[in-house]
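*Asks:* All I have is the shape, not the residue letters:
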């Protein structure tokens with residue numbers, strides 16, 4: 001019987017990209033270990049034993065060394081946690097079988113491959129893993145194949161294999177690692193007589209905030225926007241941004257689940273993916289009661305990031321750090337060329353210059369980001385810069401139409417849809433100039449204090 005086969009390859013630590021092929025994979029392995037539910041079968045190409053010296057994880061807690069028997073237990077626990085995040089019972093029925101194959105690792109960034117194969121009325125999956133890899137890539141692989149198994153249960157006759165967005169795969173992976181990492185990562189012993197390396201299941205911490213790490217990171221670094229989350233770069237997915245992408249993805253999926261009917265909507269989103277050419281269509285179909293367009297998501301997401309970071313704002317910055325942070329937020333980096341064939345050069349312009357010279361879409365996107373970032377730092381800035389940041393934020397929000405205006409009716413566009421009243425450009429520029437005067441006076445007083453400290 002022929003089977004449709006679809007291969008998803010993970011290169012380095014990146015999310016997988018789909019490539020269509022024909023064929024089938026073998027399901028018979030004499031050394032396979034089945035999980036307790038029967039959904040997972042784990043086997044290895046060879047009993048590799050300790051990794052090569054160059055790959056020996058040693059004391060590196062970010063690296064996991066996989067063994068078939070331990071992986072069969074860990075993947076069941078990972079599935080239970082992921083299903084719980086989606087609002088599914090632990091004993092809910094599953095559809096497709098998942099075959100995990102371990103091969104001897106050649107490098108910590110070995111390729112991870114997912115192969116999807118249709119069999120009768122359901123899909124089965126093969127997940128090919130190196131036996132030594134980073135925890136982030138391990139969790140991403142399990143999250144990706146489990147979400148794929150859930151989504152592909154609903155492929156229509158004219159549909160295709162689901163395209164799972166990276167932010168959902170990585171967001172779920174980070175959430176599960178943060179909440180239950182000791183249970184879902186069962187590494188091989190690092191020395192004889194040590195039963196489980198880095199697993200102490202009897203020391204589970206009750207009430208632990210799985211978002212604590214993301215909160216700490218996003219207090220000092222702005223979260224990615226919805227558009228940036230939708231199209232992460234290779235470097236961000238590799239963690240080269242200090243983990244901002246992963247923290248943003250974790251928080252974004254957690255906030256979606258916190259919406260009214262969030263669990264049902266996210267499951268509907270997964271179910272709708274095989275019938276859509278891109279995940280954005282399925283997203284807005286599932287979350288239509290909350291968001292009608294990308295701008296609605298951006299506004300909601302910016303507010304959630306601010307509220308999230310304010311739960312534990314941390315200590316105030318020193319006066320000189322506060323001054324530098326506020327100055328940085330009030331400038332806009334731009335690229336320009338002195339001549340047509342010249343290499344690009346970079347400069348920073350004021351908010352006023354950006355408002356005057358940039359096109360409307362680019363201008364509004366920058367202003368919206370500034371509103372969010374000013375709200376994030378307001379409570380961290382030392383006096384008098386905190387109130388000044390709030391003043392800039394209110395002026396810019398008023399320019400976007402995000403500040404309620406008493407006794408002023410909203411206008412309507414040509415379709416009759418109410419449009420929030422916005423402050424005019426002239427009014428906004430005037431208020432920004434006034435705030436700049438106040439800021440320069442405050443900076444002068446601070447500089448004078450530094451030069452002539454009280455005795």
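*Replies:* Looks like it arrived, so ask away. Remember, it's a predicted structure, so these values are computed and weren't measured experimentally. Residues are numbered from 1 along each chain as shown.
*Asks:* helix or strand for residue 115, which one?
*Replies:* strand 112-119 (DSSP states H and E).
*Asks:* Mind listing residues that contact the helix or strand just after that strand?
*Replies:* Going down the chain from strand 112-119, the next helix or strand is strand 122-130, by DSSP H and E. Applying Cβ atoms under 8 Å, 6 or more residues apart in numbering, the contact partners of strand 122-130 are 25, 27, 66, 95-107, 110-118, 138, 141-142, 145, 148-149, 152-153, 155, 161. For every residue, glycine as well, the C-beta is placed using N, CA and C.
*Asks:* In the sheet, which strands lie alongside the helix or strand following strand 122-130, parallel or antiparallel?
*Replies:* Per DSSP H and E, the first helix or strand lying C-terminal to strand 122-130 is strand 132-134. For strand 132-134, the pairing partners within the sheet under DSSP bridges are strand 63-65 (antiparallel).
*Asks:* and the following helix or strand past the partner strand, how far out from the chain's middle?
*Replies:* Toward the C-terminal end, the helix or strand that comes next after strand 63-65 (DSSP H and E) is helix 68-85. With Cα atoms, centre = their mean, to the nearest Å as the basis, the distance from the averaged C-alpha position of helix 68-85 to the chain average is 21 Å.
*Asks:* need the next SSE after helix 68-85, C-terminal direction.
*Replies:* Heading towards the C-terminus - elements assigned by DSSP H and E - helix 68-85 is followed by strand 98-103.
*Asks:* Show me what that next one pairs with in its sheet, parallel or antiparallel.
*Replies:* strand 40-44 (parallel), strand 122-130 (parallel).
*Asks:* Redo those as JSON lines? Include mean neighbour count, distance to residue 213 and mean pLDDT.
*Replies:* Compiled in JSON lines, these are given as follows (neighbours: other Cβ atoms under 10 Å; distance: least, Cβ to Cβ, whole Å; pLDDT from 0 to 100):
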{"stretch": "strand 40-44", "mean neighbour count": "22", "distance to residue 213": "28", "mean pLDDT": "92"}
{"stretch": "strand 122-130", "mean neighbour count": "22", "distance to residue 213": "25", "mean pLDDT": "90"}
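*Asks:* Could you verify my assumption that residue 363 touches residue 352?
*Replies:* No: applying Cβ atoms under 8 Å as the test, residue 363 and residue 352 come out as separate, 11.4 Å apart.
*Asks:* Going through the contacts of strand 122-130, which ones are buried?
*Replies:* 25, 66, 96-105, 110-118, 138, 141-142, 145, 148-149, 152-153, 155, 161 (16 or more other Cβ atoms under 10 Å).
*Asks:* Pull out the buried residues from stretch 378-392.
*Replies:* Buried residues in stretch 378-392, counting neighbours by 16+ other Cβ under 10 Å, are found at 378, 379, 380, 381, 382, 384, 385, 386, 388, 389, 391, 392.
*Asks:* quick check, distance from it to the centre of its chain.
*Replies:* On the basis of Cα atoms, centre = their mean, the separation between the geometric centre of stretch 378-392 and that of its chain is 28 Å.
*Asks:* Low-confidence ranges, this protein, go.
*Replies:* 1-30, 46-61, 187-208, 310-316, 336-339, 342, 403-420, 446-455 (pLDDT under 70).
*Asks:* quick check: domain ranges of it?
*Replies:* What the record gives for the chain is the domain set 4-50+61-307, 316-404+418-451, from automatic domain parsing.
*Asks:* which strands and helices sit next to the strand holding residue 115?
*Replies:* For strand 112-119, the packing partners by 3 or more Cβ pairs under 8 Å, 6 or more residues apart in numbering; DSSP states H and E come out as strand 4-10, strand 122-130, helix 135-151.
*Asks:* Strand partners (parallel or antiparallel) of that strand?
*Replies:* Sheet partners assigned to strand 112-119 using DSSP bridges are listed as strand 4-10 (antiparallel), strand 122-130 (antiparallel).
*Asks:* tilt between the last one and helix 135-151?
*Replies:* Note on geometry: by axes from the mean of the first three to the mean of the last three Cα atoms, to 10 degrees, strand 122-130 and helix 135-151 are set 170 degrees apart in direction.
*Asks:* Distance check, the residue nearest to residue 110 when sequence neighbours are not counted against residue 321.
*Replies:* Nearest non-adjacent residue to residue 110, counting by Cβ to Cβ, 6 or more residues apart in numbering: residue 130, 3.8 Å away. For residue 130, the distance to residue 321 equals 43 Å [Cβ to Cβ, to the nearest Å].
*Asks:* ok, now residue 429?
*Replies:* In this structure, residue 429 lies at 28 Å from residue 321, with Cβ to Cβ as the measure.
*Asks:* and if you look at residue 127?
*Replies:* In this structure, residue 127 and residue 321 are 46 Å apart, going by Cβ to Cβ.
*Asks:* can you check residue 80 too?
*Replies:* With distances defined as Cβ to Cβ, the gap from residue 80 to residue 321 amounts to 44 Å.
*Asks:* the more surrounded of the two?
*Replies:* A count of neighbours by other Cβ atoms under 10 Å puts residue 80 above the other of residue 80 and residue 321, at 19 against 14.
*Asks:* contacting residues around that one?
*Replies:* Contacts of residue 80 by Cβ under 8 Å, 6+ apart are residue 90.
*Asks:* And the closest residue to residue 178 other than its chain neighbours, how close does it get to residue 231?
*Replies:* Sequence neighbours aside, residue 210 is the residue nearest to residue 178 in space, at 4.2 Å (criterion: Cβ to Cβ, 6+ apart). With distances taken as Cβ to Cβ, residue 210 is found 26 Å from residue 231.
*Asks:* In terms of neighbours, single out the busier of these two.
*Replies:* When neighbours are counted by other Cβ under 10 Å, residue 210 and residue 231 differ, and residue 210 comes out ahead with 17 against 11.
*Asks:* My guess is the more buried one contacts residue 179. True?
*Replies:* Yes: look at residue 210 against residue 179 with Cβ under 8 Å: they come within range, at 3.7 Å.
*Asks:* Could I get the buried residue list for the helix of greatest length in the chain?
*Replies:* Longest helix of the chain, by residue count under DSSP state H: helix 425-451. With burial defined by 16+ other Cβ under 10 Å, the residues of helix 425-451 counted as buried are 428, 429, 431, 432, 435, 436, 439, 442, 443, 446.
*Asks:* can you count the residues close to residue 305?
*Replies:* Residue crowding around residue 305 was assessed by other Cβ under 10 Å; the count is 23.
*Asks:* What are the buried residues along the helix or strand where it lies?
*Replies:* For residue 305, the host element (DSSP H and E) is helix 294-310. By 16+ other Cβ under 10 Å, the buried positions in helix 294-310 come out as 297, 298, 299, 300, 301, 302, 304, 305, 306, 308, 309.
*Asks:* Fine, thanks again, bye for now.
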